[in-house]
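**Student:** Here is my input; please provide its structure:
(one chain, ligands or ions: 2)
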Amino acid sequence: MRFGFHISIEGGFENVVERAKYLGCETLQVFTASNKQWRRTPLEQDKVKRFRAQRIKASLEPLVVHLFYLPNLATPDTKMRRRSCRALWAELERSQTLGAEFLVLHPGAFKKSDANQGIERVIGSLNQIISSTNGNDVKILLENTTGGGTRLGSSFEELARIIAGVTSVTGVTGIEGYVTGVGVCLDTAHAFQAGYPIHTKEGLEETLDEFDRLIGLSRLCLLHLNDSKTPFASRNDRHWHIGEGEMGMEAFERIINHPRLKHLPAIMETPTAEEDNLKNMATVKRLRGKN
Ligand SMILES: [Zn+2]
Ligand SMILES: [Zn+2]
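**Tutor:** Ligands and ions are numbered 1, 2, ... in the order given. Below is the predicted model:
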């Protein structure tokens, strides 16, 4: 398993690789601009060029972009959904420019409608966006969520339905390679908070079997490796330091070394104090080394 963190782009992309190296990263995740604003200033060519070269030299692989928090592909608000689709399309372009392999997003919230309608809207949005990209090979990954409220994606069933809907346009648009490429990012804390018992030995096996049956483990491209501050099935999304939360150290030792997971890149989204994250990185590398 390759480990990395979500790295801040504060001060510009020229600081990102140094920051990642300092923390001992082997892979990394970024936002391409503020995560709480719609506004995207264009990426500066020379800075991007330098960033790409630095990233390759530091062997940080893969590069993951996380979509910012405002777009919602499931919303019944037509204007908002159109804005969200445009934003995701633009973010795919920015991800490509940065040389990213993956773009991670949450499926969205269905608000004042129902889950089925929400799922249909996510499918429609993704098909529309994908069919209007041109030569973009950044892979879209849907992330499982904690659930709660009207947020979609806390069950493997919902993710599977979305993926099936997106994949079904294969052959119609003639961009097969891209469409079949929609994958999944599994967040360990979100799964635990949503009620998947991945903290126990048997629970992890059952959860992976269920994932494989409904979605297919071949679609699993990335882990978000986070412990949980909140209890099992709490539906409350609070990340915590590896091994120090409700999931515990043994859970992470099993996950990191699991034969069906250990080939994956894993991004930690633990609370961001530097000394804590140096410790988190030391912890996961120690757990990896044990088996
Ligand atoms: Zn996550
Ligand atoms: Zn989270």
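**Student:** helices and strands of this structure: which one has the lowest mean pLDDT?
**Tutor:** Using mean pLDDT, DSSP states H and E, helix 176-179 stands out as the lowest-scoring helix or strand of the chain, at a mean of 40.
**Student:** which residues in the stretch 51-200 of the chain form helices?
**Tutor:** Remark: helices assigned in the stretch 51-200 of the chain by DSSP state H, counting those that start in this stretch are 78-98, 115-131, 156-167, 176-179, 188-193.
**Student:** mind checking how far the most centrally placed residue in the chain is from E275?
**Tutor:** Nearest to the geometric centre of the chain sits V104, at 3.9 Å (CA atoms, centre = their mean). Distance from V104 to E275, counting by CB to CB, to the nearest Å: 26 Å. (Each C-beta comes from the backbone N, C-alpha and C, glycine too.)
**Student:** and what of K290?
**Tutor:** In terms of CB to CB, K290 sits 23 Å off from E275.
**Student:** now do R19
**Tutor:** Distance from R19 to E275, by CB to CB: 14 Å.
**Student:** For the two, indicate the residue with more neighbours.
**Tutor:** R19 (18 against 7; other CB atoms under 10 Å).
**Student:** per-residue pLDDT, the nearest residue to that one once chain neighbours are set aside?
**Tutor:** In space, and not counting its chain neighbours, R19 is closest to I7: 5.2 Å by CB to CB, 6 or more residues apart in numbering. We have a pLDDT of 97 for I7.
**Student:** In contact with the nearest residue to L225 once chain neighbours are set aside, which residues?
**Tutor:** Closest residue in space to L225, ignoring its immediate chain neighbours: A266 at 4.1 Å, by CB to CB, 6+ apart. Each residue near A266 by CB atoms under 8 Å, 6 or more residues apart in numbering is listed here: M1, R2, F3, G4, T27, L222, L223, H224, L225, I256, V284.
**Student:** So which of those is the closest to ligand 1?
**Tutor:** H224 (3.4 Å; CB to the ion).
**Student:** how many other residues sit next to the nearest residue to that closest one once chain neighbours are set aside?
**Tutor:** Counting by CB to CB, 6+ apart, the nearest residue to H224 once its immediate chain neighbours are dropped is D187, at 3.7 Å. Using other CB under 10 Å, D187 has 26 other residues around it.
**Student:** Check H263 too.
**Tutor:** Counted with other CB under 10 Å, H263 comes out at 10.
**Student:** So for it, what's the pLDDT?
**Tutor:** For H263, the pLDDT comes out at 96.
**Student:** Kindly confirm my reading that it is in a strand.
**Tutor:** No. Using DSSP: H, G, I helix; E, B strand; the rest coil, the assignment for H263 is coil, not a strand.
**Student:** show me what contacts it?
**Tutor:** If you count contacts by CB under 8 Å, 6+ apart, then H263 has M1 around it.
**Student:** what about G289, helix or strand, and which?
**Tutor:** Here G289 sits within helix 274-290, counting by DSSP states H and E.
**Student:** So which elements touch that helix?
**Tutor:** Where contact means 3 or more CB pairs under 8 Å, 6 or more residues apart in numbering; DSSP states H and E, helix 274-290 is packed against strand 2-6, helix 249-257, strand 265-268.
**Student:** how close does the residue nearest to L225 get to E44?
**Tutor:** 30 Å.
**Student:** returning to that earlier point: columns neighbour count on top of the contacts of A266, output as TSV?
**Tutor:** TSV is the format used below for the contacts of A266 (neighbours: other CB atoms under 10 Å):
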residue	neighbour count
M1	20
R2	17
F3	25
G4	24
T27	23
L222	24
L223	21
H224	24
L225	28
I256	25
V284	21
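**Student:** And these, which is closest to E206?
**Tutor:** Checking those against E206 by CB to CB gives L223 as the nearest, at 17.5 Å.
**Student:** List of residues touching the helix or strand hosting the closest one?
**Tutor:** Element membership for L223, per DSSP H and E: strand 220-224. Here strand 220-224 makes contact (CB under 8 Å, 6+ apart) with 1, 62, 64, 102, 104, 139, 141, 143, 183-190, 211, 255, 261, 264-269.
**Student:** If anything else comes up later, I'll come back, but that's it for now.
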